[in-house]
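>>> 3D model of this:
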Amino acid sequence: MKTNHLLAAAVLLAVSPLTAHAQTATPVPSSPALASAAQPVTLRLKFTPGQTLYYSMVTDTSGTVLTGQSGAGMPIQVHMQMLMHQTVKSVRASDGAATLDVGIDTISMGMNGQTMPMPPERLAPMKTIGTMVILPTGKTVSFTPSAGLSTAGPMPGMDLTHMNAMGSLGQFPDAPVKAGDTWKSAVAMGMMGTNVAAGFTLLSLDTVEGKTIAIIKQRTNGTFDTTAPAAGTATPMPAGMAMNGNVDGTGTLRFDVDAGAIIGQTSRANVTMVMTPPGATAPMNMQMKVSSTLKRASAPAAAANPAVQ
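Predicted coordinates for the structure are as follows:
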């Protein structure tokens, strides 16, 4: 059972959503193959005081764990569901920066067909992760964690400060973009010691029910190492535990240009990880394929834990 919880911790860290880091987006010249006659648009988040948006995320992970000195292989299948929210507290008149309360309403997880309940004492602090100030470009100005959050997240070492749906967009370029334009933005995973780059391409601007929907392709690639945490992003790992590896993935984002809000995202990634538990004589080598779907959700009358399938 202890091994199962260690594996669950590793998987949860690995599949944490890739989210925006406060870095400047760098525009790249258009790709002629994708160019279209559509007029350029300025991609910006839009905020209304008092508005609360809910997002559901479903993640499925499959792979193999090689354990112990023998290197024996063990298959792993993980299903995770989560409901998140972001509430606009205020909008700054000078630059449009919004102050948001962000939190996780429900989270559930199952591994190899076995439900792994989230203890109430770990879920309660996640209801309000903290307060963030974010610009319409997606750049995070500041984040203040909830006083009761501390390290009581779902797993030690998980950086909940990046758990918000908007982070999937990275940081938008300063100039208007048209189909075929590309840009880059540094991103951070929801765990310590990461160095991930993301490239974005505006594939098309579609009109759906009178709304302008931007279809954006995302490509991420980078490494993580819990022994070398990025400043200000880490929560402590269990004493003696270390993780390192790399991630490579692609995804597609749907962004409502008129509303200034993400509609949804699908992504697939390959994650290779080496985890050394406390006191272990040999590391665990993990090779995983991760697929996830993020989408807008209706405001629940009373949020209930999603069932683990």
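
>>> C-alpha only now, for contacts and for neighbours.
Noted.

>>> what pairs with the longest strand belonging to the chain, and is each one parallel or antiparallel?
Looking across the chain with DSSP state E, the single longest strand is strand 72-91. Paired neighbours of strand 72-91 in the sheet (DSSP bridges): strand 52-67 (antiparallel), strand 98-111 (antiparallel).

>>> buried stuff in that strand?
Using 16 or more other C-alpha atoms under 10 Å as the test for burial, strand 72-91 gives 76-91.

>>> sorry, back to before: looking at the strands paired with strand 72-91, which is buried most?
When these are scored by mean count of other C-alpha atoms under 10 Å, the highest mean neighbour count falls to strand 98-111 (a mean of 23).

>>> next helix or strand past that one?
strand 114-116 (DSSP states H and E).

>>> tell me the mean pLDDT over stretch 132-149?
Stretch 132-149 carries an average pLDDT of 83.

>>> Using CSV, write out every CA atom in it.
Taking Å, rounded to 0.1, in the frame of the first residue of the first chain, the C-alpha atoms of stretch 132-149 are listed here in CSV:
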residue,chain,number,x,y,z
MET,A,132,-3.7,35.8,-7.6
VAL,A,133,-3.4,39.0,-9.6
ILE,A,134,-3.3,38.4,-13.3
LEU,A,135,-3.0,40.7,-16.3
PRO,A,136,-5.3,40.3,-19.4
THR,A,137,-2.2,39.0,-21.2
GLY,A,138,-2.1,36.0,-18.8
LYS,A,139,1.0,37.2,-17.0
THR,A,140,0.7,36.5,-13.2
VAL,A,141,1.6,39.6,-11.2
SER,A,142,1.5,37.9,-7.8
PHE,A,143,0.1,35.0,-5.9
THR,A,144,-0.7,34.9,-2.2
PRO,A,145,-1.5,31.4,-0.9
SER,A,146,-4.3,30.8,1.5
ALA,A,147,-3.2,30.9,5.2
GLY,A,148,-4.5,27.4,5.8
LEU,A,149,-2.9,25.9,2.7
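
>>> what comes up buried for it?
Applying 16+ other C-alpha under 10 Å to stretch 132-149 flags 132-140, 143, 145-146, 149 as buried.

>>> Now do residue 47 against residue 185, distance only.
22 Å (C-alpha to C-alpha, to the nearest Å).

>>> er, residue 50 I mean
29 Å.

>>> can you pull out the strands in the stretch 151-300 of the chain?
182-188, 194-208, 211-225, 242-256, 261-276, 284-297 (DSSP state E, counting those that start in this stretch).

>>> Give me the contacts around the longest one.
Put plainly, it is strand 261-276. The set of residues external to strand 261-276 that reach it, using C-alpha atoms under 8 Å, 6 or more residues apart in numbering, is 10, 14, 45-46, 165-166, 168-169, 240-256, 282-296.

>>> Sketch out the low-pLDDT regions of the stretch 101-250 of the chain for me.
148-169, 186-195, 227-241 (pLDDT under 70).

>>> does residue 53 really touch residue 259, like I thought?
No - with contact defined as C-alpha atoms under 8 Å, residue 53 and residue 259 do not form a contacting pair (11.8 Å).

>>> Return the alpha-carbon coordinates of stretch 102-120 using PDB.
The C-alpha coordinates for stretch 102-120 follow below in PDB (Å, rounded to 0.1, in the frame of the first residue of the first chain):
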ATOM      1  CA  VAL A 102      -8.800  30.200  -7.100                       C
ATOM      2  CA  GLY A 103      -9.500  26.800  -5.600                       C
ATOM      3  CA  ILE A 104     -10.200  23.200  -6.200                       C
ATOM      4  CA  ASP A 105     -13.700  22.100  -5.300                       C
ATOM      5  CA  THR A 106     -13.400  18.300  -5.700                       C
ATOM      6  CA  ILE A 107     -10.600  15.900  -6.600                       C
ATOM      7  CA  SER A 108     -10.800  12.100  -6.900                       C
ATOM      8  CA  MET A 109      -8.300   9.500  -8.100                       C
ATOM      9  CA  GLY A 110      -8.200   5.800  -8.800                       C
ATOM     10  CA  MET A 111      -5.200   3.600  -9.600                       C
ATOM     11  CA  ASN A 112      -5.300   0.200 -11.300                       C
ATOM     12  CA  GLY A 113      -9.100   0.100 -10.700                       C
ATOM     13  CA  GLN A 114      -8.700   0.900  -7.000                       C
ATOM     14  CA  THR A 115     -10.300   4.100  -5.600                       C
ATOM     15  CA  MET A 116      -7.800   6.300  -3.600                       C
ATOM     16  CA  PRO A 117     -10.000   8.500  -1.400                       C
ATOM     17  CA  MET A 118      -8.900  12.100  -0.800                       C
ATOM     18  CA  PRO A 119      -8.900  12.700   3.000                       C
ATOM     19  CA  PRO A 120     -11.100  15.600   4.000                       C
END
